[in-house]
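Colleague: kindly generate the corresponding structure for this input.
(one chain, ligands or ions: 2)
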Amino acid sequence: VRPIVTADILAVGSELLTPHRVDTNSLFLTGRLNDLGIAVRMKSAIRDNPRELTAALTNALSNADLIVTTGGLGPTADDLTREAVADLLGLELVERPDVLAVIQERFARRGAAMPAINRRQAMAPEGAIVLPNPNGTAPGLLLEQGDRMVVLLPGPPREMQPMFDGWVVPRLADRTRGRRLHRRVLKVTGRSESQVEEVAEPIYAAAGTAETPVETTILASPGQIELHLSSAGDDGQTIGRVLDEAVARLAEALGDVVFSVDGRSIEEVVGDLLHRRGWRVAVAESCTGGALMARLTDVPGASAWVLGGVVAYANEVKIAELGVPAGLIERHGAVSEETAGAMAEGVRARLHAEIGVSITGIAGPGGGSPEKPVGTVVVAVTTGAGTSVRRFWFPGEREVVRRFSAMAALDMLRRALSTS
Ligand code: AMP
Ligand code: MG
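Modeller: Numbers count the residues shown, from 1 in each chain. Ligands and ions are numbered 1, 2, ... in the order given. Purely as a prediction, here's the structure:
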């Protein structure tokens, strides 16, 4: 039989075509399949309608090596996946006494008799492998037909996921002949997506070889651009070398805006830098309201390098808790280089930290002015050796400005800790 290289995912359930339920199963499955070097060719959400289900299955069967369905294995009349697949493949549905016994046993354990409608869940197409479901009544089904594999899984994620990992992954691993997806992620901050693309494009266009093609994806979020390089195949060593070469070239071309080539987040990078110096950070936040502190303390072990901080939203708090001179705020404004610097210096001194950081800005939608429009943010970082302050202007809504701001502060911490 041929190895399995492509897959289609069908999410079955009318509820998935309303705003009340999201198809998350296909995301989980895509992740797992990609890791096995299997590319998802198409995914769809289909109503509980036999005609539409059959049409979608027919299309999938004519195109992909592997078809995975989730949902529609329940006991109720609207659950039709089992019947539709058996029909289409021309397989008889037969009752499996072993499966029936397991379902009956499940009800008996709770002191109930099995409702008659659950009997349907013991039906399996002839030749199907039944996948046990320790978390529910609907067993999964796996069919191998020539080169093709069809897997039917229950809809609830807590039933579907362990079933896929426990029973389907090992069988798929046998059918992928050691093919795996290898991936490298390069993370950049302080550049826009198009700036990164401009520098990176010639490099990733030339990356890889005919035998080891490299696929690249660029993903942007506020303050962070990720470059994903991946290649699937069975020669992990060669692929690893090809990917590492491309990463090294990209890192060299992009320079110090690259903060991670090993999957670490910027808060992890900053945490490591602090930890290695034996330094602790103190944080003063205005417009981010604690978002920077939340990210710094997301990292396990952060108590070793995060001392604490002050959310100084109102000017009174900047004055009373951080020691920012009232006159300084009056003269320059709460969003100014002077105030940001005094906030960072104040929090560092009061908490006896080695390094202090502050953020003050206008997240909007109100509060802007011609000189300081919404999105104006000032970040300061201070150590015993001095204070650096930068003014930014971040486009976007309140939440976006706040995320950009926390990211900028983390990057200024990273830079201060990498050099001074
Ligand atoms: P079913 O197996 O069709 O009885 O599905 C039962 C329940 O599983 C649904 O009501 C949903 O809450 C959940 N579910 C079904 N399909 C999905 C999906 N694709 N993603 C996430 N949850 C799902
Ligand atoms: Mg359903």
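Colleague: residue in the stretch 151-300 of the chain nearest to ligand 2?
Modeller: As assessed by Cβ to the ion, ligand 2 sits closest to residue 155 within the stretch 151-300 of the chain, at 5.3 Å. No exception for glycine: its C-beta is placed from N, CA and C like everyone else's.
Colleague: and the stretch 251-400 of the chain, by the same measure?
Modeller: residue 399 (34.1 Å).
Colleague: mind naming the longest helix for this protein?
Modeller: Ranked by number of residues, the top helix in the chain under DSSP state H is helix 398-419.
Colleague: how about the contacts made by the closest residue to ligand 2 within the chain?
Modeller: Across the chain, no residue is closer to ligand 2 than residue 13, which sits at 4.0 Å (Cβ to the ion). Contacts for residue 13 were tallied using Cβ atoms under 8 Å, 6 or more residues apart in numbering; they are 21, 45, 46, 47, 48, 71, 72, 155.
Colleague: can you pull the pLDDT of the fourth one?
Modeller: So that's residue 47. On pLDDT, residue 47 comes in at 95.
Colleague: three-state assignment of residue 4?
Modeller: The three-state assignment at residue 4 reads coil, by DSSP: H, G, I helix; E, B strand; the rest coil.
Colleague: one more: the one 5 residues further on?
Modeller: When states are read from three-state DSSP, the local structure at residue 9 comes out as strand.
Colleague: any idea how far residue 414 is from residue 303?
Modeller: The gap separating residue 303 from residue 414 is 20 Å, by Cβ to Cβ, to the nearest Å.
Colleague: burial measure for the closest residue to residue 347 other than its chain neighbours, as a count.
Modeller: Distances taken as Cβ to Cβ, 6 or more residues apart in numbering put residue 284 closest to residue 347, at 3.9 Å, once the chain neighbours are dropped. Look at residue 284: counted by other Cβ atoms under 10 Å, it has 31 neighbours.
Colleague: likewise for residue 385?
Modeller: 10.
Colleague: next one: phi and psi at it?
Modeller: phi -90, psi -10 (degrees, to the nearest 10).
Colleague: for the nearest residue to residue 405 once chain neighbours are set aside, give the beta-bridge partners.
Modeller: Of all residues not flanking residue 405 in the chain, residue 377 sits nearest, at 4.7 Å (Cβ to Cβ, 6+ apart). Residue 377 has these beta-bridge partners by DSSP bridges: residue 361, residue 392.
Colleague: residue 377 against residue 407, yeah?
Modeller: No - counting by Cβ atoms under 8 Å, residue 377 does not reach residue 407; the two are 10.6 Å apart.
Colleague: any idea which helix or strand carries the closest residue to residue 129 other than its chain neighbours?
Modeller: Nearest non-adjacent residue to residue 129, counting by Cβ to Cβ, 6+ apart: residue 142, 4.3 Å away. Assigned by DSSP states H and E, residue 142 belongs to strand 140-145.
Colleague: distance check, residue 228 against ligand 1.
Modeller: Look at residue 228 and ligand 1: by Cβ to the nearest ligand atom, to the nearest Å, they are 24 Å apart.
Colleague: and that residue, what pLDDT?
Modeller: pLDDT for residue 228: 95.
Colleague: now residue 171: closest residue in space that isn't a chain neighbour?
Modeller: Excluding its sequence neighbours, the residue lying closest to residue 171 (Cβ to Cβ, 6+ apart) is residue 142, at 6.7 Å.
Colleague: wait, doesn't the one you found sit right on residue 163?
Modeller: No - Residue 142 is beyond contact range of residue 163, at 9.9 Å (criterion: Cβ under 8 Å).
Colleague: which one of the two has more residues nearby?
Modeller: Each of residue 142 and residue 163 has its neighbours counted (other Cβ under 10 Å); residue 163 has more, 24 against 20.
Colleague: the more buried one touches residue 156, doesn't it?
Modeller: No - under the criterion of Cβ under 8 Å, residue 163 makes no contact with residue 156, lying 10.3 Å away.
Colleague: and the residue in the stretch 51-200 of the chain positioned nearest to ligand 1, how many neighbours does it have?
Modeller: Nearest to ligand 1, among the residues of the stretch 51-200 of the chain, is residue 155, at 2.4 Å (Cβ to the nearest ligand atom). For residue 155, the neighbour count with other Cβ under 10 Å is 24.
Colleague: dump the residue contacts of it.
Modeller: 12, 13, 25, 70, 71, 72, 73, 74.
Colleague: rerun at 7 Å
Modeller: Contact analysis of residue 155 by Cβ atoms under 7 Å, 6 or more residues apart in numbering lists 13, 70, 71.
Colleague: and it, which of the three is it?
Modeller: Residue 155 ends up coil, using three-state DSSP.
Colleague: not including adjacent chain positions, what is the nearest residue to it?
Modeller: Per Cβ to Cβ, 6+ apart, closest to residue 155 is residue 71, 3.4 Å.
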